[in-house]
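S.K.: kindly return the folded structure for what I paste below:
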Amino acid sequence: MPHGKQFTLYTNSLWINGWAVVFVLNRLGLSYDCHQIDKTTVNGPEYLKYNPNGRIPTLVDHKNNDFAIWESAAIVLYLVDRYDPNHQISVTNPDEKATMIQWLFFQAAGQGPYYGQAGHFLYYHSEKVPSAIERYQNETRRVLGVLESVLSKQEFLVGGKLTVADIIFVHCNIMLEPLLGAEFNFEKEFPATFAWHSKVTASDGVKEGLEERQKAWSA
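M.R.: This next block holds a predicted model:
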C-alpha cells in the first residue's frame with residue numbers, strides 16, 4: 001500500500017460535514033490522513049474524479065483498491081460494514097440494521113438540509129428573508145422534536161447502545177445556538193435529546209474529534 005495511512009479523507013476542517021466521518025474513523029481506530037479541500041479545488045478535476053458531486057466529504061480506502069465513497073451517511077455505513085466486525089457502533093439484527101439506516105437517511109435528508117438552509121439564510125444569503133429564516137428554524141426545531149419523541153422513551157436511537165445512528169447527528173447539533181439564537185435552551189426545550197447529545201459527544205472517538213475540531217476552528 002503506497003500510502004502511510006489506510007484512508008485519505010477529503011474534507012475541510014472549517015466546514016461541518018466531514019466531522020461525522022472523523023468521529024467514526026476515530027471510534028474504530030482507523031488510520032487516515034485529512035486532505036483539505038477548499039472552494040477553489042472542490043470542483044477541480046483532481047477532486048471530481050473521486051466525487052462527481054463536488055462536495056465534501058469523500059473517503060478513499062487505500063486498503064480496498066483506492067475505493068472512493070462520498071456522502072457522509074454512505075461513508076459511515078461503509079466503514080461499519082467493512083471495519084466494525086465486533087459491531088462496536090453497529091447492529092446485527094436485520095430489523096435493527098434497517099432502523100439504523102433509517103436514522104442515517106433522516107439525518108442526511110432531514111437534519112442536514114434543514115440546518116444547512118437555516119444557516120444559509122441567517123448568515124450567507126444576499127438579503128434577509130425573514131420567512132425563510134423562520135421556516136428553517138422551525139424545521140430545525142421539528143427535527144429536534146422527532147428525536148425527542150424517540151429519545152424520551154429510550155437511551156439511544158437503535159439497539160440499546162451507541163451506534164453510527166447517534167454519532168451522525170452530532171456535527172449539526174453542535175451548531176444549534178448559532179442557528180436558533182443565544183436564547184435557545186437545548187436542555188430545557190428538548191431534555192431527552194440534550195442528555196443523549198451530551199452522552200454521544202463525550203464518547204470515545206467523538207470527544208477526540210470535537211477537540212480536533214475546536215483546534216481547527218480556533219486556529
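S.K.: where do the strands of the protein begin and end?
M.R.: Along the chain, the segments classed as strands by DSSP state E run 7-11, 32-36, 58-61, 67-70.
S.K.: and residue 39, how many neighbours?
M.R.: As a burial measure, residue 39 scores 8 neighbours (other C-beta atoms under 10 Å). In this view, the C-beta of every residue, glycine as well, is placed from N, C-alpha and C.
S.K.: quick check: phi and psi at it.
M.R.: Residue 39 has phi and psi values of phi -70, psi -20 when expressed as degrees, to the nearest 10.
S.K.: please report how far it lies from residue 15.
M.R.: Using C-beta to C-beta, to the nearest Å, one obtains 10 Å as the distance from residue 39 to residue 15.
S.K.: quickly list the domain ranges of this structure.
M.R.: The record assigns the chain these domain ranges, following automatic domain parsing: 7-85, 94-201.
S.K.: so which of the ones you listed comes closest to residue 212?
M.R.: Nearest to residue 212, of all the domains of the chain, is domain 7-85, at 6.9 Å by C-beta to C-beta.
S.K.: okay, the nearest residue to residue 81 once chain neighbours are set aside: pLDDT?
M.R.: With C-beta to C-beta, 6 or more residues apart in numbering as the criterion, residue 81 has its nearest non-adjacent residue at 7.7 Å, and that residue is residue 90. What the model reports for residue 90 is a pLDDT of 98.
S.K.: so what's the nearest residue to residue 22 once chain neighbours are set aside up against?
M.R.: Nearest in space to residue 22, with sequence neighbours left out and distances taken as C-beta to C-beta, 6+ apart, is residue 209 at 4.5 Å. By C-beta atoms under 8 Å, 6 or more residues apart in numbering, the contact set of residue 209 is 19, 22-23, 26.
S.K.: which of those tops the neighbour count?
M.R.: With neighbours set by other C-beta under 10 Å, the maximum within the contacts of residue 209 is found at residue 23, which has 29 neighbours.
S.K.: was I right about that one contacting residue 204?
M.R.: No - here residue 23 lies out of contact with residue 204, judged by C-beta atoms under 8 Å, at a distance of 9.7 Å.
S.K.: what residue ranges in this structure score low on pLDDT?
M.R.: 1-3 (pLDDT under 70).
S.K.: again, only this time at 80
M.R.: 1-3, 219 (pLDDT under 80).
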